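Enquirer: Compute the structure for the input listed below.
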Amino acid sequence: MKLDLLGEHADRAYPILASLITPRPIAWVTTLHENGKVNAAPFSFFNMIGDDPPMLMFCPGNREDGTPKDTARNCRRSGEFVVNLVDAPLCEMMVRTSASHAAEVSETEIEGIETSASSMITTPRISAAPAALECKLHDILEIGGNRMVIGIVHCVHVRDSLYDPIQQRILAHNYQVIGRMASPDWYCTTLDQFEIQRPR
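Expert: Below is the predicted model of the structure:
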């Protein structure tokens, strides 16, 4: 089957690619509105893109009318954001924060999500998240209708049970985040993990 994503099947590009390129990690991004309220929204077009400096990116699409989503506007204005990772107990709450609300409305208030102060930026993190990455904005790239937000990770908060302070490593067997699967409503867990050592 051949699918022409720039031609005949262009209007199906999102559901086709989002269902094939899986699992995708989920960035539950917190930002601050100019009124001081905390915005929380999930994005599965997200990944780490470098380590020197430590960098990540996420891609908030536009609203249906072509205007930027609240998260993108807040990132550009404030120059900072937090990427909160999501495990199974937070999954349903995370999905609910994907609902559209007015820009000045706080998803953390609507859902009763507890936040904690960040260490190096003003934007709070989600207290219950297994890990939270404090980021300062490096750049926002706009390519067609896509918007890529690139951040430098300045500080990481991680649940105590997930970190080995002697080896200075994340304990992979304890870290069980969820991932995004097929569009529109499929997710997965990382309970079924296995190790294959790479050649040295």
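Enquirer: what's near enough to touch the residue most central in space within the chain?
Expert: In the chain, the residue lying closest to the centroid (C-alpha atoms, centre = their mean) is Ala27, at 1.1 Å. The neighbourhood of Ala27, defined by C-beta atoms under 8 Å, 6 or more residues apart in numbering, consists of 42-44, 46, 56, 58, 83-85. C-beta here means a position set from N, CA and C on the backbone, and glycine is covered the same way.
Enquirer: what's the answer for Pro89, then?
Expert: Pro89 makes contact with Ala128, according to C-beta under 8 Å, 6+ apart.
Enquirer: Checking my notes, it in a strand, right?
Expert: No - the assignment for Pro89 is helix, going by DSSP: H, G, I helix; E, B strand; the rest coil, so no strand is present there.
Enquirer: out of everything not next to it in sequence, what's closest to Ala182?
Expert: Spatial nearest neighbour of Ala182, chain neighbours left out: Ser19 (3.9 Å); criterion: C-beta to C-beta, 6 or more residues apart in numbering.
Enquirer: Repeat that for Ile121.
Expert: That would be Glu80: by C-beta to C-beta, 6+ apart, it lies 4.3 Å from Ile121.
Enquirer: pretty sure Asn35 is touching Ala103, no?
Expert: No - counting by C-beta atoms under 8 Å, Asn35 does not reach Ala103; the two are 9.0 Å apart.
Enquirer: So between the two, which is more surrounded?
Expert: Shown here are Asn35 and Ala103; by other C-beta atoms under 10 Å, Ala103 has more neighbours (14 against 9).
Enquirer: just to revisit the earlier point, closest to Cys75 among the contacts of Ala27?
Expert: Closest to Cys75 out of those is Phe58 (9.3 Å), distances taken as C-beta to C-beta.
Enquirer: give me the number of residues near that closest one?
Expert: Residues lying near Phe58 (other C-beta under 10 Å) number 26.
Enquirer: One more: Pro54?
Expert: A count of neighbours around Pro54, defined by other C-beta under 10 Å, yields 15.
Enquirer: any idea which helix or strand carries the nearest residue to it once chain neighbours are set aside?
Expert: Leaving out its chain neighbours, the residue that sits closest to Pro54 by C-beta to C-beta, 6+ apart is Val153, at 4.2 Å. Assessed by DSSP states H and E, Val153 sits inside strand 146-158.
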